[in-house]
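Student: Here is a sequence together with a model predicted from it:
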Amino acid sequence: MVAKVFYPPFSLLKLATTIKCYIIYRDNSGLGEITMNEKTFKALLASTATIFTLIFCVMVMPAFFENPDIISAFAAGFVNPFASGYSADVILCWLVLLIWIVYEATQLSVRYGWICLLLGIIPGVAVGFALYLIIRHPQVNRET
């Protein structure tokens, strides 16, 4: 049986923010849930962080070594409206990560979040977020 995924065109944002994805089977047997186990969750996060780090090393580091001006490198993220939008998004995502880490450190005693904040700067927020989810998972599950 082959599954056909059904998404209304307006639901891309909703799809990106939901935890569970429902599918409709071709034989109309109803809705089924796609679930993810903990091992897959951690592997996907680690893979995403690794892929981003490799892209960062290949694309950004050679240019930085050629011209190690950190101010110019930062300003290059704002060269046009599109780049500015993405740069603002990255900066604000890092701030969200900061707020989240500080909150959970004080309320849930999650440790080592500061490492994720550093990795959120270099190589990037994708690495910081992925690592924080991996680090916090056993600590939060141990508390509950």
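Tutor: That came through, no problem.
Student: For this protein, just list every one of the strands.
Tutor: 3-4, 21-25, 31-34 (DSSP state E).
Student: what mean pLDDT does the longest one have?
Tutor: It refers to strand 21-25. Averaged over strand 21-25, pLDDT sits at 46.
Student: same question, the first one
Tutor: Predicted confidence along strand 3-4 averages 47 (mean pLDDT).
Student: For this structure, which element, helix or strand, carries the lowest mean pLDDT?
Tutor: Scoring the helices and strands of the chain by mean pLDDT, DSSP states H and E places helix 12-17 at the bottom, with a mean of 43.
Student: Tell me where the protein is predicted with low confidence.
Tutor: Per-residue confidence for the chain (pLDDT under 70) gives these ranges: 1-34, 143-144.
Student: quick one, helices of it?
Tutor: Taking DSSP state H as the test, the helices found in the chain are 12-17, 38-59, 61-66, 70-75, 81-107, 113-121, 125-143.
Student: so how far is the third one off the chain centroid?
Tutor: With Cα atoms, centre = their mean, to the nearest Å as the basis, the distance from the averaged C-alpha position of helix 61-66 to the chain average is 25 Å.
Student: That helix: which residues count as buried?
Tutor: Buried positions in helix 61-66, judged by neighbour count with 16 or more other Cβ atoms under 10 Å: none. (C-beta placed from N, C-alpha, C; glycine too.)
Student: Just give me the neighbour total for residue 100.
Tutor: By the criterion of other Cβ atoms under 10 Å, residue 100 has 16 neighbours.
Student: Nearest residue to it in space, please, no chain neighbours.
Tutor: Using Cβ to Cβ, 6 or more residues apart in numbering and skipping the chain neighbours, the partner closest in space to residue 100 is residue 132 (7.6 Å).
Student: For that neighbour, give me its contacts.
Tutor: 97, 100, 101, 113, 116 (Cβ atoms under 8 Å, 6 or more residues apart in numbering).
Student: That's all I had, so thanks and see you.
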